[in-house]
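Participant: test case, fold it:
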Amino acid sequence: MRRFLLVLFVLLCACGTAAAQSAAPADPQTETVKALLERVERLEKRIAELEAKQPVSAVVAPAPAAEPGAPIAAAEKPAPGAMNHPGMGQGNVPLQESTFPSLKISGFADVNFSATDESNVNSGFNLGQLVLHMASPLSKKVSYFGELSFTATATGYNLEVERSIIRYDYNDRFKLSFGRYHTPVSYWNTAFHHGSWLQTTISRPEMIKFGSRLLPVHFIGFQAEGDIPSGSAGLGYSVGVGNGRGSIISRGGDAGDVNNNRAWLVNLYSRPSGLYGLQIGATVYRDKITPGPGLRFNEWISSAYLAWTRDTPEILAEFANVHHSDVNTSRVYNTQAFYVQLAYRLPFSEKKWKPYYRFEYINRPSTEPVLGITSFLSSTAGLRWDISDFAALKGEYRNFQRGPSQPHINGLFLQTSFTF
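Facilitator: Numbering: from 1, shown residues only. Purely as a prediction, here's the structure:
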């Protein structure tokens with residue numbers, strides 16, 4: 001447009017000049033027009049040079065549409081050490097519309113150092129666990145979650161399927177799932193899974209540590225869970241039926257129920273809307289166990305907990321009673337266990353430091369024939385330093401005693417844990 005106006009202007013000037021010089025000879029007029037055309041050519045060249053020097057505005061290309069099978073975007077990660085596990089924490093899968101299946105894999109790992117004054121126990125480093133979490137929506141209402149762990153042992157690495165769950169989400173009030181779970185008989189067991197980065201401390205409480213004989217860590221069967229309409233009380237539930245303990249009491253019946261008797265559990269909890277971060281709950285677990293040939297015991301486990309997870313402060317407290325009734329002799333045994341853990345994220349240095357303390361106690365009758373554990377008394381003091389949003393360094397001092405007649409053991413434990 002500018003070029004057109006410029007040419008028009010020059011031509012008008014030329015016409016005016018020609019009219020003014022109409023009495024002049026033809027040759028001077030021709031020379032004038034030629035000069036004006038050369039001037040137009042020079043101006044056009046200059047305009048082209050100026051336009052070439054102007055910055056070209058960036059063109060933002062539209063994001064390509066997600067292809068079927070492409071990984072979904074990573075979910076927002078919780079604050080370091082925070083407990084951000086909706087429902088019973090058994091693995092919620094984020095959905096992406098019209099992208100099924102859509103697998104996402106995340107991982108956890110840790111490296112540890114320990115040194116104690118316990119006789120016949122060596123100090124040194126160990127690799128801990130390498131854990132993989134696999135989550136994939138299969139439709140808008142069906143999802144899958146799996147967890148694999150690789151644990152260093154004296155002879156190599158032990159591979160374990162920790163969780164494998166398929167779930168149907170009808171709505172917030174009813175979700176039905178099948179698979180291998182972390183049993184919701186303990187708050188810790190469903191809030192903190194494999195991957196030490198998830199928990200504030202290095203170690204799990206003795207009452208719910210992996211491989212524990214006191215409480216069943218894994219459960220194979222089905223669960224129904226959801227919210228209960230209750231206003232500000234924030235009530236929820238979980239009900240499950242499945243295989244009970246295996247012939248090895250510390251393991252679930254992965255390959256089938258050893259005595260053809262199903263275990264069941266009921267869990268109720270409350271998350272009051274007026275007290276952010278607070279959750280209280282209770283669980284009842286029922287099973288019949290056969291720890292050996294001719295041995296039969298009825299098992300009732302009742303537990304309760306309080307968890308306040310605001311980081312300033314963090315308060316965790318749990319109590320459990322394990323009741324065993326000998327079917328053959330009618331003798332009854334009760335074992336109690338509890339822990340209280342306190343932590344506080346300090347306000348300076350970008351809130352990267354978090355000191356904590358935990359007290360634990362297990363009281364087992366000396367004649368109890370099933371659990372095969374000793375009484376336990378422990379105090380743990382430690383400090384967690386979040387060196388990034390995805391990695392932490394932890395240090396703990398522990399003083400513990402296994403049995404009333406046993407000596408107290410002192411230990412120093414260090415760990416680096418991270419998620420990726």
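Participant: tell me which residues are up against stretch 286-295.
Facilitator: Contact partners of stretch 286-295, identified using Cβ atoms under 8 Å, 6 or more residues apart in numbering, comprise 216, 244-245, 247, 249, 258-259, 261, 263-265, 296-301, 324, 328, 369-370. To be clear about C-beta, it is placed using only N, CA and C from the backbone, and glycine gets the same treatment.
Participant: report the buried residues of that stretch.
Facilitator: Neighbour counts over stretch 286-295 (16 or more other Cβ atoms under 10 Å) mark Arg286, Asp287, Lys288, Ile289, Thr290, Pro291 as buried.
Participant: repeat for stretch 120-129
Facilitator: The neighbour-count check on stretch 120-129 (16+ other Cβ under 10 Å) flags Gly128, Gln129 as buried.
Participant: how many neighbours does the nearest residue to Phe376 once chain neighbours are set aside have?
Facilitator: Sequence neighbours aside, Ile362 is the residue nearest to Phe376 in space, at 4.0 Å (criterion: Cβ to Cβ, 6 or more residues apart in numbering). Here the number of neighbours of Ile362 (other Cβ atoms under 10 Å) works out to 23.
Participant: Ile362 pairs with what?
Facilitator: Ala337, Phe376 (DSSP bridges).
Participant: got a list of what it touches?
Facilitator: For Ile362, the contacting residues are Glu206, Met207, Leu214, Thr335, Gln336, Ala337, Ile373, Ser375, Phe376, Leu377, by Cβ under 8 Å, 6+ apart.
Participant: list buried residues within those.
Facilitator: Among the contacts of Ile362, those buried by neighbour count (16+ other Cβ under 10 Å) are Glu206, Met207, Leu214, Thr335, Ala337, Ile373, Ser375, Phe376, Leu377.
Participant: okay if I get those as a markdown table plus distance to Asp169 and pLDDT?
Facilitator: Converted to a markdown table, those look like this (distance: Cβ to Cβ, whole Å; pLDDT from 0 to 100):
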| residue | distance to Asp169 | pLDDT |
| --- | --- | --- |
| Glu206 | 35 | 97 |
| Met207 | 32 | 97 |
| Leu214 | 33 | 96 |
| Thr335 | 37 | 98 |
| Ala337 | 34 | 98 |
| Ile373 | 38 | 86 |
| Ser375 | 43 | 94 |
| Phe376 | 39 | 97 |
| Leu377 | 43 | 97 |
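Participant: so which of these comes closest to Asp386?
Facilitator: Relative to Asp386, the closest of those is Glu206; by Cβ to Cβ it sits at 25.5 Å.
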